[in-house]
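> Structure, please.
(one chain, ligands or ions: 1)
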Amino acid sequence: MSAPFNFSAGPAMLPKAVLQKAKEELTSWRGSGVSVMEISHRDPAFMQMAYKAEQDLRDLMKIPDNYQVLFMHGGGRGQFTAVAQNLAGPNDTVDYLNGGIWSDFAIREARKYVAKVNIIGSAIETDQGLAYPPQSEWQLSEDAAYVHYCPNETIGGLALHTIPEVSAPLVVDMSSNILSEPLAVEKFGVIYAGAQKNIGPSGFSIAIVRDDLLGRAQGTTSTIMDYTVQAKERSMYNTPNTWAWYLSGLVFEWIKELGGVTAMAERNNRKAKLLYDYIDNSAFYSNPIHPDFRSKMNVPFLLADAQLDGEFLRLAESEGLVGLKGHRWVGGMRASIYNAMPLEGVEALVSFMRDFEQKHT
Ligand SMILES: *Cc1c(COP(=O)(O)O)cnc(C)c1O
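Below is the predicted model:
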């Protein structure tokens, strides 16, 4: 494994082995003489592949039988709409925890469809960095149709590592951390994720929906975004994104081969620890997040002298370390180190950062 290493936040790098397999099969899928993109989604071979992908995801995440696994359109933001329209009536109250930019977009979308969107708490600055207030301080509604949060704020790098204990159905945006570690699926009402960070191509999304939450969609819900319809049609109400489904299936197989989500978590913990330890022991770089709330997927960092940002990025790129520029709204740097990033990539980054620091101090 050698450079280039792609630290882009999303669309993000895919496992090399997956791309290689897709390349081999591109013009003739399973010896058919045509690509997987050119056959009917009702073709038995396609359906077999599609439902194997679903089963692999069920195995990987240990998804109980009383949950539907839906393969949908519209990425992460499509689910901001779908969640509000499918789970709450127009006059209902819903609860949202606000951890940053993605939470905020989800909140704004929910306001279009639901009368009362209650913010139960927001990220706070502490003397050790950005953090969440303890759950004892959250202002939960008594009658919320659901409670929504984002455990991994991809842009800010703030993570909530504990699952909230609430009585309303818990809805979670796992766009940037799904499959990165074991998860107690049964604690959630809905788990959703846009695909392009830890799963596959953009524009595709996965929603894991507990059965008792079906049948509640607002009458104006677009049919393709209706969980109940998609569950009944096994995600083939209309033509799904067949290429994205196929590629996601290859990623699930790859994760299984590497040992599943437990193995992913070990890999991810090592990568994150290596990078944070280096940043914490350096006066040249800093990370703005409280140590208890740091993302293991997206590591934002600042140079002590922001004037060096341009040079840092140019030099990094020339050494094959790409996609390190922070989000345009927050500046600085960000290393996204999802499942597909090998340890070697983070080692190469830390070694580059060390050289750069030495040169400038
Ligand atoms: C990227 C991202 C989104 C948005 O995904 P799109 O597919 O671009 O709509 C939503 N939530 C989180 C946490 C994300 O990281």
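> tell me the mean pLDDT for stretch 58-72?
Across stretch 58-72, pLDDT averages out at 98.
> roughly how far is that stretch from the heart of the chain?
16 Å (Cα atoms, centre = their mean, to the nearest Å).
> Also stretch 87-102?
How far stretch 87-102 lies from its chain's middle: 19 Å, per Cα atoms, centre = their mean.
> CA atoms only: put that stretch into PDB for me.
C-alpha atoms of stretch 87-102 as PDB (Å, rounded to 0.1, in the frame of the first residue of the first chain):
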ATOM      1  CA  LEU A  87     -42.000   9.700  11.200                       C
ATOM      2  CA  ALA A  88     -44.000  12.800  12.200                       C
ATOM      3  CA  GLY A  89     -47.300  14.400  11.400                       C
ATOM      4  CA  PRO A  90     -47.400  18.100  10.500                       C
ATOM      5  CA  ASN A  91     -48.600  19.100  13.900                       C
ATOM      6  CA  ASP A  92     -46.200  16.900  15.900                       C
ATOM      7  CA  THR A  93     -43.200  17.900  18.000                       C
ATOM      8  CA  VAL A  94     -39.700  16.400  17.200                       C
ATOM      9  CA  ASP A  95     -36.500  16.700  19.200                       C
ATOM     10  CA  TYR A  96     -33.100  17.400  17.600                       C
ATOM     11  CA  LEU A  97     -29.600  17.600  19.200                       C
ATOM     12  CA  ASN A  98     -27.500  20.100  17.400                       C
ATOM     13  CA  GLY A  99     -23.800  19.100  17.100                       C
ATOM     14  CA  GLY A 100     -22.900  21.200  14.100                       C
ATOM     15  CA  ILE A 101     -23.400  21.800  10.500                       C
ATOM     16  CA  TRP A 102     -25.100  18.500   9.500                       C
END
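> Could you confirm whether any residue of that stretch contacts the ligand?
Yes. Against the ligand, stretch 87-102 shows contacts by Cβ under 6 Å from any ligand atom at residue 102. Any C-beta I mention is one placed from the backbone N, CA and C, and that applies to glycine too.
> Let me see the mean pLDDT of that stretch.
Here the mean pLDDT over stretch 87-102 is 98, rounded to a whole number.
> Kindly state the pLDDT recorded for the nearest residue to residue 319 once chain neighbours are set aside?
Nearest in space to residue 319, with sequence neighbours left out and distances taken as Cβ to Cβ, 6 or more residues apart in numbering, is residue 352 at 5.8 Å. Residue 352 carries a pLDDT value of 98.
> Return the residues in contact with residue 352.
315, 316, 319, 321 (Cβ atoms under 8 Å, 6 or more residues apart in numbering).
> Tell me how many other residues crowd residue 36.
For residue 36, the count of nearby residues is 22 (other Cβ atoms under 10 Å).
> burial count for residue 196?
Neighbours of residue 196 under the rule other Cβ under 10 Å: 24.
> returning to that earlier point: now the residue nearest to residue 319, what's its secondary structure?
With DSSP: H, G, I helix; E, B strand; the rest coil as the basis, residue 352 sits in helix.
> How about residue 240?
coil.
> Check the spacing between it and residue 129 real quick.
Applying Cβ to Cβ, to the nearest Å, the value for residue 240 to residue 129 is 41 Å.
> of those two, who's got more company?
When residue 240 and residue 129 are compared for neighbours, residue 240 comes out ahead with 22 against 17, by other Cβ under 10 Å.
> pretty sure that one contacts residue 41?
Yes. Under the criterion of Cβ atoms under 8 Å, residue 240 makes contact with residue 41 at 5.9 Å.
> quick one: low-confidence ranges for the chain?
Applying pLDDT under 70 to the chain flags residues 1.
> For the stretch 201-350 of the chain, which segments count as helices?
For the stretch 201-350 of the chain, applying DSSP state H, counting those that start in this stretch gives helices covering 227-232, 242-257, 260-280, 309-318, 343-359.
> before we move on, the earlier item: overlap in contacts, residue 240 and residue 41.
residue 50.
> Provide a list of residues in contact with residue 60.
With Cβ under 8 Å, 6+ apart, residue 60 has these contacts: 179, 252, 255, 256, 260, 261.
> okay if I get these as JSON lines plus neighbour count and distance to residue 79?
Below are those laid out as JSON lines (neighbours: other Cβ atoms under 10 Å; distance: Cβ to Cβ, whole Å):
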{"residue": "179", "neighbour count": "24", "distance to residue 79": "16"}
{"residue": "252", "neighbour count": "23", "distance to residue 79": "19"}
{"residue": "255", "neighbour count": "25", "distance to residue 79": "21"}
{"residue": "256", "neighbour count": "15", "distance to residue 79": "25"}
{"residue": "260", "neighbour count": "16", "distance to residue 79": "25"}
{"residue": "261", "neighbour count": "21", "distance to residue 79": "21"}
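> Pick the one among those closest to residue 188.
residue 179 (14.4 Å; Cβ to Cβ).
> For the closest one, give its distance to residue 298.
15 Å.
> Next, work out how far apart the residue nearest to residue 91 when sequence neighbours are not counted and residue 74 are.
Spatially, and ignoring its direct neighbours in sequence, residue 91 is nearest to residue 115 (5.0 Å; Cβ to Cβ, 6+ apart). Distance check for residue 115 against residue 74: by Cβ to Cβ, it reads 24 Å.
> which of these two has more neighbours?
Neighbour count, other Cβ under 10 Å: between residue 115 and residue 74, residue 74 has more, with 18 against 12.
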